[in-house]
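> okay, predicted coordinates and the sequence, questions at the end:
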Amino acid sequence: MRTIPSIRSLLFAFVMLAISAAAFAQIGVSISVGPPALPVYEQPPVPAQGYLWTPGYWANGDNGYFFVPGTWVMAPQPGFLWTPGYWGWNGAGFAFNEGYWGQNVGFYGGINYGFGYGGQGYEGGRWNNGQFEYNRAVNNVNVTNIHNTYNTTVNNTTVNRVSYNGGAGGITAAPTAQERTYAQEKHIGPVAAQTQQVAAARANPQQRASVNQGKPAIAATAKPGEFTGKGAVAAKEAGAPYKAAESKPAEGKATENKAAENKAAETKATENKAADNKAAESKATENKAAENKAAETKATNDKAAENKAAESKATENKAAENKAAETKATNDKAAENKAAENKATENKAAANKAAASKAKPASKPPQTAKASTPKPENATHAKAAPEKAEAHPENTPRPAASAAKPASKPSPQTAKASTPKPENATHAQAAPKKAAPSPEKPKAVAAARPESAPKPAKEETRPEERRQQ
C-alpha cells in the first residue's frame, strides 16, 4: 500500500524537474546581434532588512532591447538567493536564459553585473540563521537602519561590461560541474515584483536602447516599480558603444555541429553523473537506514533484556523479602504463643498451689506407736532387747499443733509387742530401738520415770494463720 504513494511522489518530482528545466531554458526569438553593454550606475541604499539585490539587464521586446533597472526585492523565502538571467549564443542566435531563486547561485553566463555578482557566485551577502547579512564592501547599506552587516573585500580587477555569453565578442565562460548541479535543484522563478519591474521598463520609452543609446534614464530603483522620486537612479554612462558586434549564424556548419555535439556530450555526462550521484546517495541512504534500524532494534532488545532482568531481580528480591517477613512473623507469633502458654501454665500452677495451700488441713501430730517387741525365747534374747530410753524434755519431739492433749501412758499390756521370734541373738539385736519394757519390770520402769510421759506440746500456729498475722 505504501509503494503506490512513493511511486506517485517520485513521478511528481520528475515532472517538477522537467517543468523547472523548461521554465529556466532559453526563451525568445534568436537575434543575431547581442544586447548593448551594461551601463554604469550607482546602487540605491537597501530599503529595509530582508531585501536582496537583483541586478539590471537588457531585455528584448517589440521595439528592440530595453533596460530593466536593477532593484531590491524581498526573497520569496529565507535561505534563497537570486541567480540573474543572461543572454547566450546558441549557434543560431542569441536567446535569453531566465533568472531564478534557489538555495545556491548558479551559472549566469559569466556576466559581471557588479554589486556582488562578479561573473560567478555571489559575494554581496549571506544568510545566517534566517537573517540576511549584507557585505558593505559591495552594497550600499545604511548601518543606522541595517545592523546585519559585514565587510569583506571583493577582488575584481577585470572590469568587463559585456552583457552576453558566446557569439562575437561575448563572454566565453562555461558552467562548472557544481553550477550544473545547482541548475538541477529546486527553483522559483521571478516573483511578482520582478515581473512588475519588467512591465514598467517595457512601457517606458526612455528605457529602450534605440532611444538612450545604451545609457538608460533609469538604471536602478530602490524598490520594484519606483521609476520616479529619490529611489530612481539614472545611469552615469553607457558601458560601451551602443551596438554590439553582429554574430553570423553561417560561420560554419561544422562549428555548429561540433558545438551541438559538445553540448549533447556535456548534457549526457551531466545526466549520467547526476544519476550516479543519485544512485550512490540512495544506496548510502538505504545502508544508513538499515544500520540505524539494526542499531535501534539492538538497542530496543538490549533495553528490553535489561528491563526484564531488572524486573526479575526485583521480583526475586521482593519474594525473598516477603518470605523473610512471613518467616519472621511466623516465628514471632510462635514465640508469643509459647510465651503465652508458659505464662498461662505458670499462672495455673500458682493458682493450683494457692488453692491447695488453702484447702490442706493442719497436720496431726503422730501418735505414740505401740511398740511391738518380739517375744524373746529365753532370757538371753530378752536381755538383748533394747531398753526404752529415758525421755528427756529436750529430746522429746514437739507434738503437732493439733495434738493439744498429752499422750497417755502406755499400759504394760499395750507395751507388749508381738515381735516375731528371732532365730538367734544376732537377729534379736536388729529389732526396733523402741522396745516395750520387759515383763519383769513393768512397774519399776513406770515408777522410776514418771516424768518421762511426753508433755503436751504448745499449739502450733497454722500456716494460714501465720499469713494472716
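Cool, got the structure. No experiment lies behind these values; they were computed from the predicted model shown. Residues are numbered from 1 along each chain as shown.

> strands of the stretch 201-350 of the chain, start to end?
All strands of the stretch 201-350 of the chain, identified by DSSP state E, counting those that start in this stretch, fall at 220-221, 232-233.

> looking at these, which is nearest to V154?
strand 220-221 (18.7 Å; CB to CB). C-beta here means a position set from N, CA and C on the backbone, and glycine is covered the same way.

> and of the strands of the stretch 201-350 of the chain, who's closest to W53?
strand 220-221 (9.2 Å).

> can you tell me the strand partners of the closest one and which way each runs?
Strand 220-221 sits in its sheet next to strand 70-74 (parallel), strand 232-233 (antiparallel), going by DSSP bridges.

> check the secondary structure at G109 for me.
coil (DSSP: H, G, I helix; E, B strand; the rest coil).

> report the rounded mean pLDDT for stretch 214-222.
Taken as a whole, stretch 214-222 has a mean pLDDT of 96.

> contacts for it next, please.
36-37, 39, 41-45, 47, 56, 67, 69-72, 197, 201, 204, 206-207, 227, 230-242 (CB atoms under 8 Å, 6 or more residues apart in numbering).

> just the buried members of these?
By neighbour count, with 16 or more other CB atoms under 10 Å, the contacts of stretch 214-222 hold 36-37, 39, 41, 43-44, 47, 56, 67, 69-72, 197, 201, 204, 207, 227, 231-235, 238-240 as buried.

> redo the strands of the stretch 201-350 of the chain as CSV? Include distance to T149.
Conversion of the strands of the stretch 201-350 of the chain to CSV gives the following (distance: least, CB to CB, whole Å):
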stretch, distance to T149
strand 220-221, 20
strand 232-233, 21
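
> among these, which is nearest W82?
strand 220-221 (14.8 Å).

> out of the strands of the stretch 201-350 of the chain, which is closest to Q184?
It's strand 220-221; of these, that one is closest to Q184 (CB to CB) at 31.7 Å.

> which of the strands of the stretch 201-350 of the chain sits closest to A356?
So among those, strand 220-221 is nearest, using CB to CB, at 132.9 Å.

> might you report the residue contacts of A177?
270, 273.

> mind checking how far it is from N151?
31 Å (CB to CB, to the nearest Å).

> again with A245
39 Å.

> was I right to think R136 contacts T153?
No: look at R136 against T153 with CB atoms under 8 Å: they stay out of range, at 10.3 Å.

> compare neighbour counts for the two and give me the winner.
More neighbours surround R136 than the other of R136 and T153, with 16 against 9 (other CB atoms under 10 Å).

> ok, that one - contacts?
143, 149-151.

> which among those residues gets closest to A304?
Nearest to A304 among those, with distances taken as CB to CB, is Y150, at 52.7 Å.

> backbone dihedrals for that closest one, please?
phi -150, psi 170 (degrees, to the nearest 10).

> quick one on the thing from earlier: can you name the two of the contacts of R136 that sit furthest apart?
Top of the distance list for the contacts of R136 (CB to CB): V143 and Y150, 11.0 Å.

> ok so G88 is a strand residue?
Yes: judged by three-state DSSP, G88 forms part of a strand.

> does it have beta-bridge partners, and which?
A95, N165.

> show the pLDDT at it.
Reported pLDDT for G88: 96.

> ok, now A415?
For A415, pLDDT reads 38.

> when you give positions from now on, start the count at 667
Sure, I'll start numbering at 667, so the last one becomes A1081.

> could you pull out the helices for the chain?
669-689, 843-849, 858-869, 875-878, 919-1025, 1045-1050, 1078-1081, 1091-1094, 1108-1114, 1129-1134 (DSSP state H).

> only C-alpha atoms, please: export the third one in CSV.
Below are the C-alpha coordinates for helix 858-869, written out as CSV (Å, rounded to 0.1, in the frame of the first residue of the first chain):
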residue,chain,number,x,y,z
ALA,A,858,5.5,39.3,-9.0
ALA,A,859,7.6,42.4,-8.0
GLN,A,860,10.2,41.5,-10.6
THR,A,861,7.6,40.9,-13.3
GLN,A,862,6.2,44.3,-12.4
GLN,A,863,9.6,45.9,-12.9
VAL,A,864,9.9,44.3,-16.3
ALA,A,865,6.5,45.6,-17.4
ALA,A,866,7.2,49.1,-16.2
ALA,A,867,10.6,49.2,-18.1
ARG,A,868,8.9,47.9,-21.3
ALA,A,869,6.3,50.6,-21.1
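
> show me where the protein dips below the pLDDT cut-off.
Regions of the chain meeting the criterion pLDDT under 70 cover residues 667-696, 822-824, 916-927, 930, 933, 1026-1135.

> go with 80
Applying pLDDT under 80 to the chain picks out residues 667-696, 821-825, 910-946, 948, 1025-1135.

> and the residue nearest to Y788 when sequence neighbours are not counted, how far is that from W738?
Leaving out its chain neighbours, the residue that sits closest to Y788 by CB to CB, 6 or more residues apart in numbering is V771, at 4.4 Å. Noted for V771: a distance of 17 Å to W738, by CB to CB.
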